[in-house]
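Asks: Sequence and predicted structure below; questions after.
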Amino acid sequence: MTSPAPSVRTLTTPSSLPSALSALQAQENALDASLASLIADRTPLQHFLDRLASLAPSIRQLERDLAAVDGALAGTARTALEISGKVRLLDEESGRVREALEMVRMVQVLKNSLLALRAAIDQRDWEAATRHAHRAMSIDPALANSKFADVAVPTSDLPDPPSKTLSDFRSHLLSVFTREFSRAALAHSSADISRFFKLFPMIGAHAEGVRAYADFVCGLVAQRTKGNLSKKASSPTFYATLLTALFENIAIIVDQHQPVVDKYYGGEHMLQVARYLQEECDRQAGVILSTWLEERRVHRKRSEALSHPSLASSAPTVAPSKRAPTLPWQPSSALADSTTASSIPAEDDAPDPREIDALLEELASISARWTLYRKFLGSRLGPDPDFDDEPAAPPKPAPKEQEQEQEEEKEEEADPLAFAAESATAKSIATHLSEVYEPLEVWFLRVSVQKALKIDSPDHTSSPPTSSLLDDVFYVLKKVLARLVSTGASDAALLGRVVKALRDVLEREYAAGVGRKMDAVWGEAGVGRGGTGAGGGVGGAGGGGKEREREREGRGRYIIYLNDLDLSAEYHERLLATFLAPETLAQAFAPADVARAADALGELRGTTDKFRVMVKHGLDNLFNQLVRPRLRALLTDSYASLSYALDEDAFADAEAHDFFRKRFVLGWGSVMEGYKESLTEPNFEAFFSMTVDVLVRLWEKMVLSMRFTDLGAIRLDRDVRAAAAHLSSQTSFGVREHFSRLRQIAAVLNDSNDEPASQSWRLTNAEVQAVLALRI
């Protein structure tokens with residue numbers, strides 16, 4: 001591109017002129033070249049211009065045709081517009097005429113309905129009157145209140161405006177229906193009750209009809225409850241039965257009458273009936289519960305139980321005696337026959353646990369029936385889970401005076417059954433559970449455990465042997481837990497407090513009581529003080545026959561309590577598995593309370609661990625006192641006059657007589673005599689495993705103090721295998737794992753590696769070198 005020519009005004013010197021002239025010449029040359037190029041490209045442009053020119057005649061012809069058409073249609077269009085305007089005017093006038101005719105017709109219908117309504121009222125034909133009133137009320141209120149209606153409808157017989165006349169007739173019908181419904185209710189005329197009940201909604205008196213119906217059914221409930229209250233309290237659950245009958249009467253009414261109410265009044269009105277029924281339920285339940293408190297002397301019994309000291313430990317211990325075998329969680333005859341001071345001295349004013357038990361059963365039954373009643377209401381009147389709400393329209397602004405009413409309506413929609421949960425009956429039962437059930441249930445379990453501890457006696461007929469304590473305590477515990485779950489209490493805090501208190505009783509009273517009995521065994525029987533040296537025997541060589549007999553008896557009693565604790569853990573787990581089962585909780589609690597109840601009851605699982613810790617501690621004591629001191633003597637006696645520094649003759653003699661195996665089998669049988677038959681299977685497995693573990697450690701130390709020839713190493717390996725095989729035959733679980741180090745020591749001494757590949761090498765390099773140093 002050429003540079004622009006300089007401005008003439010800038011040429012101020014002669015030397016600048018040639019350069020400016022050169023620039024102008026260059027610019028001129030560029031323009032010439034550009035024009036030449038355009039001229040060279042003119043042929044295609046001309047072709048397009050010629051095509052456009054050829055279209056000009058056609059376009060001019062189209063223009064002339066359009067002008068002709070426009071001229072022909074202009075008049076027609078003007079005529080159509082005029083006709084359309086007149087048609088619209090006719091339509092508007094026709095619509096006004098139709099509205100006027102409809103208005104006249106509806107006013108005539110209103111007038112005829114009012115006249116017919118009056119005639120039906122005069123004839124006391126209430127069904128016809130209801131139909132006429134319903135037809136009159138279905139007319140648009142704006143029309144009924146119009147000036148035209150005020151002029152056209154009144155007659156000499158009905159001179160008032162139609163709106164006032166209709167209102168007066170409706171009020172009269174409502175008064176008649178209410179009066180006749182009340183008469184029918186008093187006469188128990190089901191036909192008339194049904195007749196007038198259906199007429200209320202036809203005149204728009206839904207609320208009045210629901211109120212009249214609710215008064216009727218509430219009267220039925222009150223009458224039946226009064227009749228039941230007049231009966232004599234002849235059973236321990238009399239008042240629970242009364243409340244059950246009250247709840248069942250209401251449930252039957254809801255179940256049988258809900259379809260009728262829904263059909264004639266709409267589904268939302270049965271909920272209002274239920275509210276009225278709940279108010280009546282509160283009144284009748286209040287009377288029943290007040291009578292229950294008075295007749296059962298609940299507050300006096302509660303005060304006596306909480307103020308009276310629990311069964312004291314000063315009472316004499318009942319001498320052990322054999323008893324008939326009992327199934328798990330069935331009480332011994334002593335506990336079943338009497339849980340009072342009949343066998344234990346107590347003050348005359350001591351509360352009777354049997355009365356407390358009956359009181360708790362009745363209160364738990366009351367709470368259970370209330371929960372069932374609430375679940376029924378929820379299933380029949382609660383929101384439909386299959387109903388899919390459509391998005392709600394934005395709420396319109398409401399005046400301040402309506403805000404509170406709207407908030408209340410929203411709360412009712414959120415929980416339509418809140419009236420039952422917040423009723424006086426619910427609050428009263430919750431109060432009784434907290435103030436009566438909670439302390440008395442804990443007291444009952446504590447007293448029962450203390451009595452079971454005092455009347456405890458061994459049961460040698462069971463296998464393995466246990467004591468009456470186990471069945472007595474868990475019979476009561478099962479009853480207590482079943483009663484707690486059956487209450488269906490919705491108060492999670494109450495459940496948590498009761499569970500915590502029950503766990504405290506089980507651990508501080510029952511488990512600790514068993515622990516004290518186990519500690520007393522050592523002192524009373526002198527267990528562990530007799531000689532248990534190499535002389536063998538249960539009593540050892542240091543004491544007389546009476547002392548050995550006392551030690552055997554003490555060991556048997558101690559093992560019984562160990563069995564009690566082990567079975568306590570098992571029974572406790574089974575109880576919790578039963579009562580924490582989803583189907584059990586779902587049956588007892590409302591759906592919203594199941595999860596909270598499971599969490600609260602689950603806190604009892606810690607007691608199982610407490611039992612197992614005590615079992616472990618007791619087995620340790622039993623082993624340390626009676627078995628550990630004899631294991632070293634067992635090995636010493638088994639190796640008496642034996643050596644592993646064997647030549648061929650000594651090896652042949654050892655192979656022929658097998659002294660170690662015979663002595664070991666005999667000594668082991670003496671040490672473990674009676675334990676398998678007397679201990680529970682889990683206890684015996686733990687005790688056996690503990691004994692084998694200590695035995696192999698002592699044996700290992702003894703082996704590491706010996707010297708071995710090649711033949712002696714072979715003999716050691718055979719002795720270890722023989723001992724392991726014998727001990728494995730004594731149990732259903734394997735013990736070879738305990739012998740892995742001894743087997744590896746024998747393998748090192750034999751310069752072999754016969755250990756199974758699945759077992760890891762237990763010996764360190766230093767220990768291997770120490771073992772190799774034992775070879776001769």
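Replies: Looks like it came in fine.
Asks: by contact count, what packs against the helix ranked longest in the chain?
Replies: Ranked by residue count, the top helix of the chain under DSSP state H comes out as helix 42-122. Helices and strands touching helix 42-122, by 3 or more Cβ pairs under 8 Å, 6 or more residues apart in numbering; DSSP states H and E, are helix 126-137, helix 141-144, helix 147-152, helix 162-187. C-beta coordinates here come from the backbone N, C-alpha and C atoms, glycine included.
Asks: quick one, which of those is packed in tightest?
Replies: Of those, the one with the most neighbours on average (mean count of other Cβ atoms under 10 Å) is helix 126-137, at a mean of 20.
Asks: And for it, what's in contact with it?
Replies: 109-110, 113-114, 116-117, 120-121, 144, 162, 166, 169-170, 173, 176-177, 180, 196, 199, 202-204 (Cβ atoms under 8 Å, 6 or more residues apart in numbering).
Asks: please redo it, this time with the cut-off set to 10 Å
Replies: Helix 126-137 has contacts (Cβ atoms under 10 Å, 6 or more residues apart in numbering) with 109-123, 125, 144, 162, 165-167, 169-170, 172-174, 176-177, 180, 195-196, 198-204.
Asks: Please tell me I have it right and residue 598 contacts residue 585.
Replies: Yes. Counting by Cβ atoms under 10 Å, residue 598 does reach residue 585; the two are 5.8 Å apart.
Asks: Which residues are in contact with each of the two?
Replies: Common neighbours of residue 598 and residue 585, using Cβ under 10 Å, 6+ apart, are residue 579.
Asks: Who has more neighbours out of the two?
Replies: residue 585 (20 against 17; other Cβ atoms under 10 Å).
Asks: That one: which element?
Replies: Secondary structure assigned from DSSP states H and E places residue 585 in helix 582-588.
Asks: Would you mark the buried spots in that helix?
Replies: By neighbour count on 16 or more other Cβ atoms under 10 Å, the buried set for helix 582-588 is 584-585, 588.
Asks: average model confidence for that helix?
Replies: Confidence over helix 582-588 (mean pLDDT, whole number) is 92.
Asks: For it, which helices and strands make contact with it?
Replies: Applying 3 or more Cβ pairs under 10 Å, 6 or more residues apart in numbering; DSSP states H and E, one finds that helix 582-588 contacts helix 353-381, helix 468-486, helix 545-579, helix 594-602.
Asks: Which among the ones you listed is found nearest to residue 433?
Replies: helix 353-381 (6.0 Å; Cβ to Cβ).
Asks: So which other helices or strands are in contact with the closest one?
Replies: Using 3+ Cβ pairs under 10 Å, 6+ apart, helix 353-381 sits against helix 238-264, helix 267-295, helix 298-307, helix 418-421, helix 424-432, helix 438-454, helix 468-486, helix 582-588.
Asks: Of all these, which one comes closest to residue 641?
Replies: helix 468-486 (48.4 Å).
Asks: With just CA atoms, put that closest one into CSV.
Replies: C-alpha atoms of helix 468-486 as CSV (Å, rounded to 0.1, in the frame of the first residue of the first chain):
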residue,chain,number,x,y,z
SER,A,468,-31.4,-71.3,92.6
LEU,A,469,-30.1,-67.7,92.3
LEU,A,470,-29.7,-67.9,88.6
ASP,A,471,-33.2,-68.9,87.7
ASP,A,472,-34.8,-66.8,90.4
VAL,A,473,-33.1,-63.6,89.3
PHE,A,474,-33.6,-64.1,85.6
TYR,A,475,-37.2,-65.1,86.0
VAL,A,476,-37.8,-61.7,87.7
LEU,A,477,-35.6,-59.9,85.2
LYS,A,478,-37.5,-61.4,82.3
LYS,A,479,-40.8,-60.2,83.9
VAL,A,480,-39.4,-56.7,84.5
LEU,A,481,-38.0,-56.3,81.0
ALA,A,482,-41.2,-57.7,79.4
ARG,A,483,-43.2,-55.2,81.6
LEU,A,484,-40.9,-52.3,80.6
VAL,A,485,-41.2,-53.1,76.9
SER,A,486,-45.0,-53.6,77.2
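Asks: immediately after that helix, which helix or strand?
Replies: Past helix 468-486, the next helix or strand by DSSP H and E is helix 492-505.
Asks: I'd like to know the average pLDDT value across the following helix or strand past that next one.
Replies: Later in the chain than helix 492-505, the nearest helix or strand by DSSP H and E is helix 512-525. Helix 512-525 shows a mean pLDDT of 84.
Asks: Repeat that for stretch 462-471.
Replies: Averaging pLDDT along stretch 462-471 gives 90.
Asks: re the thing from before, nearest approach to residue 22 belongs to which of the helices and strands packed on helix 42-122?
Replies: Closest approach to residue 22 among these is made by helix 141-144 (98.6 Å; Cβ to Cβ).
Asks: so what does the closest one touch, helix or strand wise?
Replies: On a contact count with 3+ Cβ pairs under 10 Å, 6+ apart, helix 141-144 meets helix 42-122, helix 147-152, helix 162-187.
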